[in-house]
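J.: make a model of this:
(2 chains)
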Amino acid sequence: MKSIHKAALATALATLFASAPALAGDPIRTIDVFTRPQAAQPQEFQSVQLIAQEWRKLGLDVNVRVMPWEQMADIVWYQRDKWDVTAWQMVGRPERSDPDEIVYNLFHSSTAEKGYNFIGYSNPEFDAVAEAQRVEIDEAKRRQLVYKAQEILAADQPNMMLVHPKSTFAYDKTVWKPDSVVNQSGIGIRNTWTFMSLEPLGEQRDIIVNSGDNVQAVNPLYISGGVDSWVTELLYDRLARVGPDGLPKPWAAESYEWKDDKTIEVKLRAGMNWHDGKPVTVEDVKFSFDAVVSGEAPMYKPFATNVAGIDIVDDRTLVFHLNNPAASFVTSSLAKINLIPKHVWEPVLEDLKTKEENAESYQEDTPIGSGPFKFERWLTNEEIVLSANKDHFNAPKADRWILRIVPNVEAALGMLRSGEINFIGEFSGDPQVLIDAAEADGDLNVVSTVDIGFRYLAFNERRAPFNDAAFRRALSAAVDRRLIVKAAFKGFAEASNSVVSPALEFWHDAAVVENFKAGQDLAKAILDEAGYTLEGDRLHYPGDQKEEYAQ
Amino acid sequence: MYQLKAAVGRTLQLGLVLWAVVTILFLMFRLMPGNPMAAYIDPTFTEEQQLALMAQFGLDKPLWEQYFIYLANLVQGELGQSFRYREPVAERILALLPNTLILTFTSLIIAYVFGVLAGAYLAWRRGSAVEQAAIPVVLTTRAMPEFWLGMVLLAIFSFWLGWFPAGGTRSAGTDHGSLLGLYTSSDFLSHLALPALTLAIYSQGLPLLLMRSNMLDVMKEDFVTMARIKGLSNWTVVVRHAARNALLPVMTSFAIAVGYQLQGNVVVESVFSWPGLGRELVNAVSASDYPLAQGAFLMIAIVVILMNLIADLLYALLDPRVTHV
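T.: Residues are numbered from 1 along each chain as shown, chains lettered A, B, ... in the order given. Modelled structure (predicted):
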């Protein structure tokens, strides 16, 4: 009630002194909003157009700047004080099933200068919560902290969350038994679990998947493109894997157990072999983690730097000692680091130490892992062929897994119908087209599920007026997300107000999404209360604030 | 002596052209907005990693130093390492070049054989109903965008009739042993058919129109009149006398067309998922993969320059009046 009185008073005063503009601040400059081109990112482009329209109604001059990803990323990331608002996207990956990566790296003030907090968000209260959830081993308590983090973000609106898109995939149900398709929460049906369990119904026993992107590398020590990880996840085992429910479960490890909050004991599964026939040993496991921090694998290094040391207890048991307690350790390290054979990689790493290149540039002719599929062949920009490892403890039911590179998305759909491929691994076109095609065809199943990833607009908190939480709240409130879902995403998305996807049921705080209210009137009221004034049809800063960023 | 001097001058000229191409390529990609590091941006991307990458790519050095390192490497035949794929550029280009060359030459040969024959025929039948109907059709095919034509052919012959596969150079998971084994297999030829047809339809207009107008010019020349006066048959006059002379400029245009075609491949390779150099080039440019983009462009420039040289030499051979090569 009190605040409404204040707002009324402010309005009254503003009316009184309308003829004396000296009391209002400068007009707010033209706001630049970055988006990628319509041809590349139609939903993003469309969302930004809709949002710009709503913001203009508040009295802002909005300029939509369209540019390709490389240019946009260059400005946003390397010229951190040179932009106002940008559309951005976070893609879903299995290891993001643990909220730590998103909650900490995107918003902790320590990553503002050079890391992913490129928006320059800094809130000591949030920092404390983000730090606390990292080290809290008790899941129930940690969940409360992750909820708290989502609440602070909802109040501060450092980003304007838009939607969690739905990922849509399709497969030929006359080739693959529909019951054998596994949906991984937040990832969709194109995942390692599905590829292991797909059961052929007839003659065709090869899983043929498409991708629009080329494979960059098949290297267990290099985190390269998204498609590359489909391949490495099948070739290499990890001690744990993120399960279909989004929570980690033992994999190459038969079990693991926390001894205290900095010690975890891992028992290796018995009878595993590398693709070249040699047994997988505890030495190999220790070597795999040592290799990552050796300096030869900079991309993977952050996932193992918390490991202070690994003791080999007996020929099946290892103990990991951590520097700091880390609640996400199983997901972000045990389920992330590929197990690699010491006999293959030790000489390679020794040799690389004397050279300028590191292990990321090293491409094996035949990558050797211990995973459910074995490497057969790789034809540059055309296909990768893997064959089932029938000796694996979770051997695939299909014979081969073949990845075809198909940059033309319409052709991919045609190929699915003609049988040239039988599983859509990536569909960048309109999902409705896929659904219509499936209806016309009759042999196809289409599955849409909510993604871990999300789309948002990032506000540059380094620059006024975006350093003002009230201003950000108003801009966020000005746009009804249902409009974005319907008009830009054609219904293939879920409105969002939290960086933790509803697909991560355990961590997602549904209240912050439910309590989010939007509307032009609400947005105007927030601006009014914070002292922003409309002079004519142009929004001005509160008080005597000057415009410091005009071009 | 004169010949030798000309050859030396020609070689020096080539060197100069190559140096200019190389320098322009170097500057072009570095002045373009964008940053090769953009591909690595990720929540776990640390400052340490960024510095390591910059050093690894040689981007921490001043531009002039990068330029001299680049030139020095090139002289030694070293194209550098791709930022994106972390492998030698030369290896990638060599893996993709054969696919592009076979597509280019197959389609161009079809286009030129058809174009020359049809052009000569239309010149012979000048003013007939056939000619009047054919010219607008040819002009239309010349004006059709390649990606559109490709999509139409794909929709008709692949998705609707099911005669040809929709993409790639081979069926999923088939192994043909060697490259030769692949290129001589029916599997490959059925995959080659649609992209080659698309490019052939797109490129037959130039030789056809060129041949036709040359023929019309040549037919007015004295030696043709002479041949007619001698009482030679219409066929002998058109084929043995007129067509052979009209063919010369078409030969030159073939060489130049190879260069153009390499550009056209960019689109067709994407439509038909053809693993060639054109697609690689587009990816490399959009990912700011300087070494790969430079290497791919350089390779195309070399092919164009070489084809021009061949055209010049061939011309001198076919037409002895041209000696100043």
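
J.: pLDDT weak spots in the chain?
T.: By default, I'm working from chain A. In the prediction, chain A carries residues with pLDDT under 70 at positions A:1-23.

J.: try again with chain B
T.: B:1-3, B:263-264, B:322-325.

J.: without its sequence neighbours, what residue ends up closest to residue 123?
T.: In the absence of a named chain, chain A is used. A:Asp156 (6.2 Å; Cβ to Cβ, 6 or more residues apart in numbering or on different chains). Yep, even glycine has a C-beta here, placed from its N, CA and C like the rest.

J.: I was thinking of chain B, sorry if that wasn't clear
T.: For B:Ala123, ignoring the flanking residues on the chain, the nearest one in space by Cβ to Cβ, 6+ apart is B:Met215 at 3.4 Å.

J.: which residues touch the one you found?
T.: B:119-120, B:123-124, B:238, B:242-243, B:246 (Cβ atoms under 8 Å, 6 or more residues apart in numbering or on different chains).

J.: look at the spatially most central residue of chain B and give its secondary structure.
T.: Central residue of chain B (Cα atoms, centre = their mean): B:Leu262, 2.5 Å from the mean position. Assigned with DSSP: H, G, I helix; E, B strand; the rest coil, B:Leu262 falls in the helix class.

J.: if you count contacts, what does the helix or strand hosting A:Lys249 end up packed against?
T.: Following DSSP states H and E, one finds A:Lys249 within strand A:248-250. Counting contacts by 3 or more Cβ pairs under 8 Å, 6 or more residues apart in numbering or on different chains; DSSP states H and E, strand A:248-250 is packed against strand A:240-242.

J.: so which bits of the strand it packs on are buried?
T.: A:240-242 (16 or more other Cβ atoms under 10 Å in any protein chain shown).

J.: closest to chain B out of those?
T.: Closest approach between these and chain B, by Cβ to the nearest Cβ: A:Val242, at 16.0 Å.

J.: partner residues bridging that closest one?
T.: Residues in a beta bridge with A:Val242, per DSSP bridges, are A:Pro248.

J.: for it, give its distance to A:Gly277.
T.: 29 Å (Cβ to Cβ, to the nearest Å).

J.: so who does the residue nearest to the centre of chain B touch?
T.: B:100, B:104, B:277-278, B:300, B:303-304.

J.: can you put the residues you listed in CSV and add neighbour count, secondary structure and distance to chain A?
T.: Shown next, in CSV, are the contacts of B:Leu262 (neighbours: other Cβ atoms under 10 Å in any protein chain shown; DSSP: H, G, I helix; E, B strand; the rest coil; distance: Cβ to the nearest Cβ, whole Å):
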residue, neighbour count, secondary structure, distance to chain A
B:Thr100, 27, helix, 11
B:Thr104, 26, helix, 17
B:Leu277, 30, helix, 10
B:Gly278, 25, helix, 11
B:Ile300, 23, helix, 17
B:Val303, 19, helix, 19
B:Val304, 19, helix, 23
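
J.: for stretch A:509-527, how far is the first residue from the last?
T.: End-to-end distance of stretch A:509-527: 27 Å, with Cα to Cα, to the nearest Å as the criterion.

J.: from the chain's centroid, how far away is that stretch?
T.: A distance of 25 Å separates the centroid of the chain from that of stretch A:509-527, by Cα atoms, centre = their mean, to the nearest Å.

J.: for it, buried residues please.
T.: Quick answer for stretch A:509-527 (16+ other Cβ under 10 Å): A:509, A:512-513, A:516, A:518, A:523-527.

J.: do stretch B:83-91 as well
T.: B:83-90.
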